[in-house]
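>>> Here is my input; please provide its structure:
(one chain, ligands or ions: 2)
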Amino acid sequence: MEKTLSIIKPDAVKKGVIGKIIDRFESNGLRIAALKKVWLSRQNAEAFYAIHKSRPFFKDLVEFMTSAPIVAIVLEGENAVAKNRELMGATNPKEAKSGTIRADFADSIDANAVHGSDSVENARIEIAQLFGSFEIL
Ligand code: ATP
Ligand code: MG
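Ligands and ions are numbered 1, 2, ... in the order given. Alright, predicted model coming up:
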């Protein structure tokens, strides 16, 4: 079964909407295979977002992702990567369709509530960065 990585970002954790976001996944056929609350170090966040290293927003992104705890989740289900991206909505919450997680819980393109892997290959890499195989059940 396909897996993907979701992160509930610092803004959504601070707002107290962890449960509401997890409900979106479970109500839409995505099973929680692993879940933990962690505070990323600068090194963790830089490694995680290494693909965006040369982008102008990289420094702010790392700053934001290390500003408070996050919740890391492995989701499992049919077409989990695409299904999660659909539930998340567009990166910029102003462009996110109503009823999506970002439309309902995100404040801005920086503080946009959730992360989701963008391919099966990147999901595999991202899951391995945050979870040991013994944690995925
Ligand atoms: P994520 O990877 O977090 O799931 P995404 O795949 O929708 O989001 P990416 O293009 O991978 O978007 O960008 C990673 C993150 O960097 C975004 O979630 C957002 O917080 C931030 N970001 C992307 N584009 C911009 C931008 N133009 N200005 C500021 N921040 C941005
Ligand atoms: Mg992305």
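
>>> Which residue is the nearest non-sequential neighbour of V120?
Excluding the flanking residues, the one nearest V120 by C-beta to C-beta, 6 or more residues apart in numbering is V81, at 5.6 Å. Yep, even glycine has a C-beta here, placed from its N, CA and C like the rest.

>>> Count the neighbours of the one you found for me.
The tally of other residues near V81 (other C-beta atoms under 10 Å) stands at 21.

>>> Doesn't it lie inside a strand?
No - the assignment for V81, made by DSSP: H, G, I helix; E, B strand; the rest coil, is helix rather than a strand.

>>> shouldn't Q129 be in contact with F48?
Yes - counting by C-beta atoms under 8 Å, Q129 touches F48, with 5.8 Å between them.

>>> Between those two, point out the one with more neighbours.
Neighbours were counted for Q129 and for F48 using other C-beta under 10 Å; F48 has more, 21 against 12.

>>> What residues does the protein have near ligand 1?
By C-beta under 6 Å from any ligand atom, the residues of the chain that approach ligand 1 are H52, F57, L61, T91, I109, D110, N112, H115, G116, D118.

>>> Many thanks, have a good one.
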